[in-house]
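A.B. asks: need a 3D model of the following:
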Amino acid sequence: MQILFSIVTALILSTPHWTTQNSGVTARLRGVSAVNEKVAWASGSGSTVLRTTDGGATWQKIFVTSEALDFRDIDAIDEKTAYVLSIGTGPTSRIYKTTDAGGTWTLQFKNENPKAFFDAMSFWDTDHGIVFGDSIDGKFDIMVTENGGGVWTRLSNALPTALPNEGAFAASGTNIALFGKTHAWIGTGAAATARVLRTDG
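C.D. replies: Alright, predicted model coming up:
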């Protein structure tokens, strides 16, 4: 009986538990990316970007731009490097990058096509990343970078034909899954049929 009690007690004490953390903002947070047990980034409405270095005990609000953008996705590469994606039609779909823990941000890409609408992004490593947007005139809007976002190249012509209105859910970047150095899966929606796009590079 004592052994059973010890086992049950050990299981209860080892069960993971969740705690709430005070972000200090009222924005709708849509993206989060952690690089270790202490450092994580979050993003949301009203151009909100947050960063913690103490496991979430405190969150620092970081200035990116004075424009009111909706940062739906954030991908942290390490403690100092992160990419944040804003969504919206045309020029409100953007990609910003920081390499100094959010001290400064570089606008890496700004959509000029009024029909374009980014949904999500993800990175295989420091240099290689992918961005997915709603289809435009029957073509998927996908871009990749091979140099840390210095240049983004559209791959629309190498993709299958999109269904009418096919796109994705623009929050958190969870509709893109990456594996290894080149494999990617993208889940779509908003069309008559939901599909998964796959590439091995």
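
A.B. asks: identify the residues contacting the host helix or strand of Phe132?
C.D. replies: Element membership for Phe132, per DSSP states H and E: strand 129-136. By C-beta atoms under 8 Å, 6 or more residues apart in numbering, the residues outside strand 129-136 that reach it are 75, 83, 85, 93, 95, 109, 111, 113, 115-124, 140-145, 149, 152, 156, 162-163, 165-168, 175-176, 178, 184, 186, 190. In this view, the C-beta of every residue, glycine as well, is placed from N, C-alpha and C.

A.B. asks: ends of stretch 43-50, what's the gap?
C.D. replies: 6 Å (C-alpha to C-alpha, to the nearest Å).

A.B. asks: check stretch 119-131 too.
C.D. replies: Taking C-alpha to C-alpha as the criterion, the two ends of stretch 119-131 lie 8 Å apart.

A.B. asks: and the contacts of strand 129-136, which of them are buried?
C.D. replies: Buried members of those, scored by 16 or more other C-beta atoms under 10 Å, are 75, 83, 85, 93, 95, 109, 111, 116-124, 140-145, 149, 152, 156, 162-163, 166-168, 175-176, 178, 184, 186.

A.B. asks: let me see the contact set for Thr106.
C.D. replies: Tyr96, Lys97, Thr98 are the contacts of Thr106 under C-beta under 8 Å, 6+ apart.

A.B. asks: could those go into a markdown table alongside pLDDT, distance to Val64 and neighbour count?
C.D. replies: Shown next, in a markdown table, are these (pLDDT from 0 to 100; distance: C-beta to C-beta, whole Å; neighbours: other C-beta atoms under 10 Å):
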| residue | pLDDT | distance to Val64 | neighbour count |
| --- | --- | --- | --- |
| Tyr96 | 98 | 6 | 24 |
| Lys97 | 98 | 10 | 20 |
| Thr98 | 98 | 8 | 22 |
